[in-house]
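Engineer: Got a predicted model here, sequence first, then my questions.
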Amino acid sequence: MNFTNKTVWITGASSGIGRSLALELSKQNTKLILSSRNEIELNKVKRECENSQNAKILLLDLENHNTMSSKVEEALLLFGTIDVLFNNGGISQRSLVKDTSIDVDKYIMNINYLGTVALTKAILPHFINKNNGHFVITTSIVGKIGTPLRSSYAASKHALHGFFDSLRAEVYQNNIKVTLACPGFVQTNVSLNALTGNGTPQNKMDGATKNGLTSETFVKLLIKAVKNEKQEVYIGGFKEKLGVYTKRFFPKLLSTMIRKMAVT
């Protein structure tokens, strides 16, 4: 596929991967709908985009599931159609299971999983009616491998894989594509904003995140995968990608490796 003159909706567009996606796609003469809860940051991203007149802002809170149908109606009024939805919004976690409130589990699942599902279901009739569309979902390597301190986050990302694998099979005849993108460590604010066991932000940058891929590098690889209509892609360092294949072929070995990980 080609992004030229396509209409692309990006959630989580105010920072990190979403911001880099917007900036990179703006170079490809793409019409952009930029969404998150932060209007101030969204306006900054819009101003940074090339051909910023082709970027529109639509405030969106993934926790408000019942508003998704009306948000899709608003989005369709902006450019008349939507070709690709990047489900990129979400929040992470840094806490042991024994220290994590069930309210934190619910909150993360409500945003990462149910918020993404609600928006997907709301836009799905549009894709079916035009017999074309592409869902791109930012999950995580921990959507394939659960690791310490990320139980709720890993659960929400695993759930996305199950849902979108099922959806892909259901809408194949409607020419609707699904790409699950699994980042490893990427240099964003994800660890700063990650929730601790009581629901407060960690406010600390993980060392692995700080040393990860730049969001610009990640996005270029992601866009290439989407253009090639990849069903699932792992984008990260050698060790992160190796972990996925070790889990597949040597699961007991990976379990041993994960147990020895530093809990930090």
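Structural biologist: Thanks, I have the structure now. Numbering: from 1, shown residues only.

Engineer: And for Gly143, the neighbour number?
Structural biologist: Counted with other Cβ atoms under 10 Å, the neighbours of Gly143 add up to 26. Glycine gets a C-beta too; all of them are placed from N, C-alpha and C.

Engineer: And Thr81, by the same measure?
Structural biologist: By other Cβ under 10 Å, 15 other residues sit near Thr81.

Engineer: Asn5 is in contact with that one, correct?
Structural biologist: No. Using Cβ atoms under 8 Å, Thr81 is not in contact with Asn5; the gap is 10.6 Å.

Engineer: residues touching Gln202, list them.
Structural biologist: Contacts of Gln202 were listed using Cβ atoms under 8 Å, 6 or more residues apart in numbering, and they are Arg94, Ser191, Leu192, Asn193, Ala194, Leu195, Thr196.

Engineer: ok, now Gly237?
Structural biologist: Gly184, Phe185, Gly212, Leu213.

Engineer: So for Ser20, what's the pLDDT?
Structural biologist: Ser20 carries a pLDDT score of 96 in this model.

Engineer: Let me fix that, I meant to ask about Thr264.
Structural biologist: pLDDT for Thr264: 48.

Engineer: Report the helix or strand with the lowest average pLDDT across this protein.
Structural biologist: helix 207-210 (a mean of 74; mean pLDDT, DSSP states H and E).

Engineer: Now do the helix or strand following that helix: which elements does it pack against?
Structural biologist: Sequence order places strand 213-214 as the next helix or strand after helix 207-210, per DSSP states H and E. In terms of contacts (3 or more Cβ pairs under 8 Å, 6 or more residues apart in numbering; DSSP states H and E), strand 213-214 is packed against strand 186-187.

Engineer: helices or strands next to the strand it packs on in the packing?
Structural biologist: Strand 186-187 sits against helix 207-210, strand 213-214, helix 215-227, with contacts defined as 3+ Cβ pairs under 8 Å, 6+ apart.

Engineer: Turn the ones you listed into CSV, columns for mean neighbour count and distance to Leu167.
Structural biologist: Listed next are the helices and strands packed on strand 186-187 as CSV, based on neighbours: other Cβ atoms under 10 Å; distance: least, Cβ to Cβ, whole Å:
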stretch, mean neighbour count, distance to Leu167
helix 207-210, 14, 30
strand 213-214, 16, 28
helix 215-227, 18, 16
